[in-house]
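[1] Show me the folded form of this:
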Amino acid sequence: MSINKVCSRCVSKLLRSEVKVISSKRNHFVYAPDKDVPVKGDRLEMNMYQAINNALDTVLGKDQTSMIFGEDVGFGGVFRCTVGLRDKYGKQRVFNTPLCEQGIIGFGIGAAVMGKTAIAEIQFADYIFPAFDQIVNEAAKYRYRSGGEFDCGKLTIRAPCGAVGHGGLYHSQSPEAYFAHTPGLKVVVPRGPIKAKGLLLSCVRDPDPCLILEPKVLYRKAVEEVPVDDYQLPIGRADVLVEGSDVTLIGWGTQVHVLKEVAELAKNELNISCEVIDLVSILPWDLDTVCKDVVLRTSRVARV
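    Below you'll find the model as predicted:
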């Protein structure tokens, strides 16, 4: 029996299942949900993969040109971020690709150039490197090299990143630094479900190709009251999560939850006041917020 048939029977059960939080004892940090909600209206408790699924559902429902493709996305993906979407929108809009990252991104570039909203999934960020040339030399440069006549700004690339469980060296990497110096590309890393949904919707609608790296340890560990309605969060704007006066700690993604614990520990045991900033956007990064914070408040910075 094919894996597609097996998994299709599980979809309804998965969608009905309660949100489960992974015990913090299995991880190196304690997750603290965001208290600020970006929009008013109804909210629903979601973990991060459910928030991503909700964002993708929103895009497919509103944009008839949108499509999702990648390895195993048809039955929901290895992390279940696309579960139920092929059944709802059809295999012409949510479909599997060959195991070829360079081909996945190359196809996405072509689709985006032709006006389609292309959402590509790289199953693990560790395997994005075969597609590096397509992302850096093709997607990011398309508008520049054509003098603004063409672009592939409707391309969004999703990739689970970071360590969790027994991933080993090929399922634990966070490759954002390799893409952080690429003009024409935008790179974001969410810290939880609210950020993940809002940033993903912003990436899909941004005029430039975007790469969103999703810390896989947060897929189930991070649970928040996520707005049900469509909303977007700004790319290129950092968040000050903890105010302090002695030193500024800068991180993104999973790191910020560790830094918040570090700030509390430093305050209680060393009487050191730490400011914690979530960079959120790796490219472009929020130079104004970071510099203003360091110059006016702490004069010291530690980037984790």
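[2] can you pull out the helices in the protein?
    Remark: helices of the chain, listed N- to C-terminal, are 3-16, 48-62, 85-89, 101-113, 132-133, 142-145, 176-179, 193-205, 218-221, 255-270, 287-293; assignment by DSSP state H.
[3] Tell me which of those sits most buried.
    Among these, the stretch with the highest mean neighbour count (mean count of other C-beta atoms under 10 Å) is helix 193-205, at a mean of 25. (C-beta placed from N, C-alpha, C; glycine too.)
[4] Please parse the protein into its domains.
    Domain assignment for the chain, taken from automatic domain parsing, gives 44-227, 239-303.
[5] possible to save these as CSV with distance to Tyr31?
    Putting the domains of the chain into CSV (distance: least, C-beta to C-beta, whole Å) gives the following:
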stretch, distance to Tyr31
domain 44-227, 5
domain 239-303, 6
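[6] out of those domains, which comes closest to Phe29?
    domain 239-303 (4.5 Å; C-beta to C-beta).
[7] ok, which stretches of the stretch 101-250 of the chain are strands?
    For the stretch 101-250 of the chain, applying DSSP state E, counting those that start in this stretch gives strands covering 117-121, 155-161, 186-188, 210-215, 223-227, 239-242, 247-251.
[8] closest one to Lys35 among those?
    With C-beta to C-beta as the criterion, Lys35 lies closest to strand 223-227 of the strands of the stretch 101-250 of the chain, at 9.3 Å.
[9] That closest one pairs with which strands, and in what direction?
    Strands adjacent to strand 223-227 in the sheet, as given by DSSP bridges, are strand 43-47 (antiparallel).
[10] So for the partner strand, what gets flagged as buried?
    Neighbour-count burial for strand 43-47 flags Met46, Asn47 (criterion: 16 or more other C-beta atoms under 10 Å).
[11] tell me the angle of it relative to helix 193-205?
    In terms of direction (axes from the mean of the first three to the mean of the last three C-alpha atoms, to 10 degrees), strand 43-47 departs from helix 193-205 by 90 degrees.
[12] so strand 43-47 versus helix 48-62, what angle?
    Taking the same axes, to 10 degrees, strand 43-47 and helix 48-62 form an angle of 120 degrees between their directions.
[13] if we look at strand 43-47, which residues are touching it?
    Strand 43-47 has contacts (C-beta atoms under 8 Å, 6 or more residues apart in numbering) with 19-21, 37, 54, 193, 219-228.
[14] Same list (the helices of the chain) but as CSV, adding distance to Gly244.
    Shown next, in CSV, are the helices of the chain (distance: least, C-beta to C-beta, whole Å):
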stretch, distance to Gly244
helix 3-16, 41
helix 48-62, 27
helix 85-89, 42
helix 101-113, 40
helix 132-133, 37
helix 142-145, 40
helix 176-179, 25
helix 193-205, 22
helix 218-221, 24
helix 255-270, 7
helix 287-293, 9
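[15] hang on, the earlier thing: just put the strands of the stretch 101-250 of the chain in a markdown table and tack on mean pLDDT and mean neighbour count.
    As requested, these are exported to a markdown table (pLDDT from 0 to 100; neighbours: other C-beta atoms under 10 Å):
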| stretch | mean pLDDT | mean neighbour count |
| --- | --- | --- |
| strand 117-121 | 99 | 27 |
| strand 155-161 | 99 | 27 |
| strand 186-188 | 99 | 25 |
| strand 210-215 | 99 | 26 |
| strand 223-227 | 97 | 22 |
| strand 239-242 | 96 | 18 |
| strand 247-251 | 96 | 22 |
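[16] Out of the helices of the chain, which is closest to Val240?
    Across those (criterion: C-beta to C-beta), the nearest stretch is helix 287-293, sitting at 6.8 Å.
[17] circling back: dump the strands of the stretch 101-250 of the chain into CSV; add distance to Leu296 as well.
    As requested, the strands of the stretch 101-250 of the chain are arranged in CSV below (distance: least, C-beta to C-beta, whole Å):
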stretch, distance to Leu296
strand 117-121, 40
strand 155-161, 33
strand 186-188, 26
strand 210-215, 30
strand 223-227, 31
strand 239-242, 12
strand 247-251, 11
